[in-house]
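Asker: coords please:
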Amino acid sequence: MTPPRSRTPWALLGAVFFLAGLLAACSNPWRDVYFKKGIDRLTQDDIKEQFGPPHTAKTPALGGDSVWTYRVPLSDREIDPWKITIFSDASQSVGAIMGKPGEGPKHTLYCYRYTLTFNEQKVLKNWKREECVPGTRNTIIGQ
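Answerer: Residues are numbered from 1 along each chain as shown. Now for the predicted structure:
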C-alpha cells in the first residue's frame, strides 16, 4: 500500500498563482482597470457619474462614434507602482526643501489624457491613456 500524497505542494502553487494574479491586477492605475473592464458595458452616464462631465466631447451630427477626453494628474507611484527608488528624484528633494516644515517630499504629477470612444448606443467601445504632452515624463525623469 502506498502512502497518501501530500496536497501541500499543490496548495502552495495555487497560492503563488493567486498572489501573482492579485499583484498584476493592482499594478495599473485604477482608471485603466475601470475602463478595461467597462468595454462594451459602461455607458456615457456611468462614466459621467464616476468622473463628472468630460473635458471635451465630440459627437458627430450625423451619427457615429462620439469621443470624450478627460485629463488627469498621475504620479510616478500610480503609473509604475512596482518601481523601487532608493533615493528620491531631484524634483522631490527640491520640493521637500522648499515646502512647509513637517511636509515630506511631494510626488511629481504628470498630465495624462484618457480618450474614450463610444458607439451610437453610448456604450464604451474603446479607450486609451497617453501623456497630454508626449515625452514629458521621460524628459523630467531623464530617460
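
Asker: the strands in this structure, which residues?
Answerer: With DSSP state E as the criterion, the chain has strands at 56-58, 66-75, 109-118, 124-131.

Asker: Dump the ones you listed to TSV, plus distance to residue 28, mean pLDDT and mean neighbour count.
Answerer: Every C-beta, even on glycine, is put in place using the N, C-alpha and C of the backbone. Below are the strands of the chain laid out as TSV (distance: least, CB to CB, whole Å; pLDDT from 0 to 100; neighbours: other CB atoms under 10 Å):
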stretch	distance to residue 28	mean pLDDT	mean neighbour count
strand 56-58	24	97	12
strand 66-75	11	94	16
strand 109-118	12	94	18
strand 124-131	9	96	15
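
Asker: now for the ones you listed, which one comes closest to residue 33?
Answerer: With respect to residue 33, and counting by CB to CB, the nearest of the strands of the chain is strand 124-131 at 11.4 Å.

Asker: What strands flank the closest one, and is each parallel or antiparallel?
Answerer: The strands that strand 124-131 pairs with in its sheet are strand 109-118 (antiparallel) (by DSSP bridges).

Asker: got the angle for the strand it pairs with vs strand 66-75?
Answerer: 160 degrees (axes from the mean of the first three to the mean of the last three CA atoms, to 10 degrees).

Asker: could you measure residue 107 against residue 75, distance?
Answerer: Separation of residue 107 from residue 75 (CB to CB, to the nearest Å): 4 Å.

Asker: Neighbours of the closest residue in space to residue 77 that isn't next to it in sequence, how many?
Answerer: Leaving aside its sequence neighbours, residue 77 sits nearest to residue 107 (CB to CB, 6 or more residues apart in numbering; 6.1 Å). Using other CB atoms under 10 Å, the number of residues around residue 107 comes to 17.

Asker: Phi, psi for residue 133 please.
Answerer: Reported as degrees, to the nearest 10, the phi and psi values for residue 133 are phi -120, psi 100.
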